[in-house]
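K.L.:
model the following, please.
(one chain, ligands or ions: 1)
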Amino acid sequence: MENSSIAANVKRILESLPPGVILVAAAKERTPEEVEEALQAGVTHVGHNYVQEAERMIPAIKGRVQWHMIGHLQKNKVKKAVRLFDMIETVDSWPLAELIDRRCAEIGKTMPVLVEVNIGREASKTGVLPEEVDDLVRRISTLLHIRVQGLMTMGPRFGDPEDARPYFRATKAAFDRLAKANIPNVEMRYLSMGMSNSYQVAIEEGANMVRLGTLLFGERHS
Ligand SMILES: *Cc1c(COP(=O)(O)O)cnc(C)c1O
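P.N.:
Below you'll find the model as predicted:
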């Protein structure tokens with residue numbers, strides 16, 4: 001892992017993912033050159049945690065990429081975010097959804113979003129509480145310029161990814177419940193969960209979008 005190139009890491013991971021699972025390369029703290037190498041090797045989706053980082057990187061990248069916002073989105077960054085991103089994975093409140101809707105209306109765009117669930121009910125984490133997710137999805141479904149396409153969760157971090165399994169399973173249950181509810185304007189298509197140490201367990205529990213940083217690019221050094 002230490003010695004393998006980004007390109008080799010990407011190819012190995014892409015080959016190992018079951019069909020239909022989308023790899024989102026988590027680009028925080030990486031250079032445009034590193035991300036470019038991942039794209040050359042087959043990455044099609046890149047996730048950013050910060051609007052400012054995305055603002056610098058997006059113009060520097062030549063290929064066609066789907067840009068995902070995967071970090072907490074501050075309200076004062078929404079106006080920029082709706083121009084930069086193809087999907088916002090971290091919608092976790094009605095005021096944020098309403099603001100995204102308003103800013104998208106101004107530029108004639110409809111933003112695909114995932115609703116972020118704080119499935120572990122951790123005080124330190126963003127995301128809507130599990131018992132509030134259905135209500136939030138229903139409310140967002142009334143907005144014209146934002147479209148719910150699934151759920152995202154970070155899940156609690158454990159040394160042993162098996163410990164994360166019940167949280168992934170609970171998120172999948174919420175996803176299935178919402179899919180069955182057939183809410184107009186809501187399409188339960190993507191379930192984004194799992195990071196470098198937990199993505200295999202997440203996929204076993206139904207994730208079809210995984211967000212990997214360390215496994216592709218190596219350890220972060222900050
Ligand atoms: C950093 C990050 C990841 C990837 O984490 P790794 O452990 O490096 O794979 C995934 N999702 C989010 C929201 C992140 O901030």
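K.L.:
drop to CA atoms for contacts and neighbour counts, all remaining ones
P.N.:
Fine.
K.L.:
tell me how far residue 179 lies from residue 185.
P.N.:
Distance from residue 179 to residue 185, counting by CA to CA, to the nearest Å: 11 Å.
K.L.:
typed the wrong thing, it's residue 62
P.N.:
Using CA to CA, residue 62 is found at 33 Å from residue 185.
K.L.:
also residue 73?
P.N.:
23 Å.
K.L.:
ok, these two, which is more surrounded?
P.N.:
Comparing residue 73 with residue 185 by other CA atoms under 10 Å, the one with more neighbours is residue 73, at 20 against 17.
K.L.:
shouldn't that one be in contact with residue 89?
P.N.:
No - counting by CA atoms under 8 Å, residue 73 stays clear of residue 89, with 9.5 Å between them.
K.L.:
need the overlap of contacts for the two.
P.N.:
Overlap of the contact sets of residue 73 and residue 89 (by CA atoms under 8 Å, 6 or more residues apart in numbering) is empty.
K.L.:
quick one: contacts for residue 89?
P.N.:
Taking CA under 8 Å, 6+ apart, we find residue 89 in contact with 68-71, 113-116, 151-152.
K.L.:
try residue 162
P.N.:
198, 201.
K.L.:
try the one 5 residues further on
P.N.:
Under the criterion of CA under 8 Å, 6+ apart, the contact list for residue 167 reads 119-120, 155-156.
K.L.:
what's downstream of the strand or helix carrying it, the next helix or strand?
P.N.:
Element membership for residue 167, per DSSP states H and E: helix 165-181. Per DSSP H and E, the first helix or strand lying C-terminal to helix 165-181 is strand 186-192.
K.L.:
using PDB, list the CA coordinates for that next one.
P.N.:
C-alpha atoms of strand 186-192 as PDB (Å, rounded to 0.1, in the frame of the first residue of the first chain):
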ATOM      1  CA  VAL A 186     -37.900  11.500  -4.400                       C
ATOM      2  CA  GLU A 187     -35.800   8.800  -6.000                       C
ATOM      3  CA  MET A 188     -34.100   6.500  -3.600                       C
ATOM      4  CA  ARG A 189     -31.200   5.500  -5.800                       C
ATOM      5  CA  TYR A 190     -27.900   6.100  -4.000                       C
ATOM      6  CA  LEU A 191     -26.800   4.900  -0.600                       C
ATOM      7  CA  SER A 192     -23.500   6.500   0.200                       C
END
